[in-house]
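K.L.:
Would you be able to build a 3D model of this:
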Amino acid sequence: MKIQLLEIGSETEQLSACRLSLLLGIATPQNQISTYLKLARQLLAVDYAVLQFQHEPYAWVSTATGLKAYACSGLFADLQVPDYVDVQHADYDAFVSEVLRLGLVAEPRLLVLNLCNAEGQSFGQVAFFDQQTIAFSPEQIQMLQELFTSLIKHIELKIDHAELKEMYEQQSALNFSKTKFFQIIAHDLRAPFHGLLGFSEVLAQERDSLDEASIQNIADYLHDTTQSTYSLLESLLNWAMAEGGRFVFHPINFQLKQASKIVFDVLNGLAIKKKIQLIEDVPEEIKVFADINMVTSVIQNLVSNALKFTHMDGTGIVKISAKVTEKGVEISIQDTGLGMTPQQIEQLFQPRLTVSFKGTDGEKGMGLGLVLCKRFVEINQGEIEVHSKEGEGTLFKVTLPQAESHLALSANQKFIEVSP
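P.N.:
As a prediction, the model looks like this:
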């Protein structure tokens, strides 16, 4: 039974899985696979050529009528293919049987080449066959090997070019994002400084005409504005240092409770002020292998965020907990606050300076803290995820490596520069 050959295009629905074939222009007028197979058939004076790259769903069949596709899972997949197979090879009959399955010819003469690069990596196989009886000469085989050696080199250049192009596009997009990012920084820093300059000018020039209440109001505004602006600048500096690889990463084995207790002691006063119950429930026996300063910063940022968006009516709860899982140590920061929409969650870790929603006490924020959290977690070989529902609260989960043995600690406890 003759195989069904497919036209390249609408009939080859899995073409997107043919990476190497697409690099060689299989679906374009500059189809290099067709060119190489046609030239090879002319050199050997054969009727058929079949090429298939590894892990691609189609083999490409070249005949006098053109190039078509054959859907198959792997040509010669069950056979060991040396550099080439001709009539003198011990397994020649097995290769002939494989070609006979195609149904194009009966009892063909056959030549198979393994498409290998200089390092011995195989990209696939190409087979040539027809109904003739004259064996292929050593000169023909050598010419064919040289031809397909040039094809392999061309493929490697294409792969390198595609990878470089992708890296260039990613870098261009990153540079554009950073440029836009810093434009927003410059724009958004102007607003608080206008207020600072204006009210400080009032104090400097009209101090005698102001009553104590007005002076107190101005002082409160100056304090709140300078504090929020300083927090923004500090987050920007930390973000820039993390992106530029200037943070010193010093992972050690430590009790996670050391970090969670520091955060609890620092933020419990704020929680009491907002009538929120802050709970620290991290078992003492849980240890992680990470940078303690970065982990403390992550927990503090997430808890601060939770307190910011939790109700102040006395029912609000923010809880810090942890447990050991198969992936490592899972730290949870759970709140009963405002929650988030799916759209907010999707953009949560993007480095943007658009002012976030106000907290339950009117707090403002730029959202850079969560960007830093994600960066710090990644530096520590961890993962961060968020689950939230609007009106019901938010759960952040941070997974970090569990503490290593003391022997491993002695080998790993050192200062290293973080790569950007």
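K.L.:
dump the residue contacts of residue 215.
P.N.:
By Cβ atoms under 8 Å, 6 or more residues apart in numbering, the contact set of residue 215 is 203, 207. The C-beta positions use only the backbone N, C-alpha and C, and glycine is treated the same way.
K.L.:
Could you check how far residue 8 is from residue 316?
P.N.:
63 Å (Cβ to Cβ, to the nearest Å).
K.L.:
could you pull out the strands for the stretch 51-200 of the chain?
P.N.:
Secondary structure of the stretch 51-200 of the chain (DSSP state E, counting those that start in this stretch): strands located at 58-63, 66-71, 84-85, 109-116, 122-130.
K.L.:
possible to save those strands as JSON lines with mean neighbour count?
P.N.:
Formatted as JSON lines, those follow (neighbours: other Cβ atoms under 10 Å):
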{"stretch": "strand 58-63", "mean neighbour count": "22"}
{"stretch": "strand 66-71", "mean neighbour count": "18"}
{"stretch": "strand 84-85", "mean neighbour count": "21"}
{"stretch": "strand 109-116", "mean neighbour count": "22"}
{"stretch": "strand 122-130", "mean neighbour count": "23"}
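K.L.:
Export these to CSV and append columns for distance to residue 393.
P.N.:
Converted to CSV, the strands of the stretch 51-200 of the chain look like this (distance: least, Cβ to Cβ, whole Å):
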stretch, distance to residue 393
strand 58-63, 51
strand 66-71, 51
strand 84-85, 66
strand 109-116, 57
strand 122-130, 53
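K.L.:
for those strands, which one sits closest to residue 101?
P.N.:
strand 66-71 (10.6 Å; Cβ to Cβ).
K.L.:
Remind me what the closest one packs against, helices and strands.
P.N.:
Packing contacts for strand 66-71, counted by 3 or more Cβ pairs under 8 Å, 6 or more residues apart in numbering; DSSP states H and E, involve helix 32-44, strand 58-63.
K.L.:
got the ones you listed as TSV, with mean pLDDT and distance to residue 280 columns?
P.N.:
Below are the helices and strands packed on strand 66-71 laid out as TSV (pLDDT from 0 to 100; distance: least, Cβ to Cβ, whole Å):
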stretch	mean pLDDT	distance to residue 280
helix 32-44	94	64
strand 58-63	93	59
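K.L.:
Need those in TSV (columns: distance to residue 135).
P.N.:
Below are these laid out as TSV (distance: least, Cβ to Cβ, whole Å):
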stretch	distance to residue 135
helix 32-44	11
strand 58-63	21
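K.L.:
Looking at the ones you listed, which is nearest to residue 90?
P.N.:
Of all those, helix 32-44 sits nearest to residue 90, with 22.1 Å by Cβ to Cβ.
K.L.:
Just the CA coordinates for the closest one, please, in PDB.
P.N.:
The C-alpha trace of helix 32-44 is given here as PDB (Å, rounded to 0.1, in the frame of the first residue of the first chain):
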ATOM      1  CA  GLN A  32      16.400  24.800   1.500                       C
ATOM      2  CA  ILE A  33      15.300  21.300   2.300                       C
ATOM      3  CA  SER A  34      13.900  20.900  -1.200                       C
ATOM      4  CA  THR A  35      17.000  22.400  -2.700                       C
ATOM      5  CA  TYR A  36      19.400  20.100  -0.900                       C
ATOM      6  CA  LEU A  37      17.300  17.000  -1.600                       C
ATOM      7  CA  LYS A  38      16.900  17.800  -5.300                       C
ATOM      8  CA  LEU A  39      20.700  18.400  -5.700                       C
ATOM      9  CA  ALA A  40      21.500  15.200  -3.800                       C
ATOM     10  CA  ARG A  41      19.100  13.200  -6.100                       C
ATOM     11  CA  GLN A  42      20.800  14.600  -9.100                       C
ATOM     12  CA  LEU A  43      24.300  13.800  -7.800                       C
ATOM     13  CA  LEU A  44      23.200  10.200  -7.200                       C
END
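K.L.:
Would you map the strands across the stretch 201-350 of the chain?
P.N.:
Using DSSP E, counting those that start in this stretch, strands in the stretch 201-350 of the chain cover 248-249, 252-255, 277-281, 287-290, 317-324, 329-335.
K.L.:
Let's see the longest one as PDB, backbone CA atoms only.
P.N.:
Just to be clear, that refers to strand 317-324. Extracted C-alpha coordinates of strand 317-324, given in PDB (Å, rounded to 0.1, in the frame of the first residue of the first chain):
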ATOM      1  CA  ILE A 317      -6.200  38.700  60.900                       C
ATOM      2  CA  VAL A 318      -2.700  38.400  59.300                       C
ATOM      3  CA  LYS A 319      -1.000  35.100  59.900                       C
ATOM      4  CA  ILE A 320       2.700  34.100  59.300                       C
ATOM      5  CA  SER A 321       3.100  30.300  59.200                       C
ATOM      6  CA  ALA A 322       5.400  27.700  57.600                       C
ATOM      7  CA  LYS A 323       5.600  24.000  56.900                       C
ATOM      8  CA  VAL A 324       8.000  21.500  55.200                       C
END
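K.L.:
So for that strand, what gets flagged as buried?
P.N.:
Within strand 317-324, the residues scored as buried using 16 or more other Cβ atoms under 10 Å are 317, 318, 319, 320, 322.
K.L.:
could you check the angle strand 277-281 makes with that strand?
P.N.:
10 degrees (axes from the mean of the first three to the mean of the last three Cα atoms, to 10 degrees).
K.L.:
just to revisit the earlier point, nearest to residue 289, of the buried residues of strand 317-324?
P.N.:
Distance to residue 289 across the buried residues of strand 317-324 (Cβ to Cβ) is lowest for residue 322, with 14.1 Å.
K.L.:
Pop the domain breakdown of the protein in here.
P.N.:
15-136, 248-417 (automatic domain parsing).
K.L.:
Cool, thanks, talk later.
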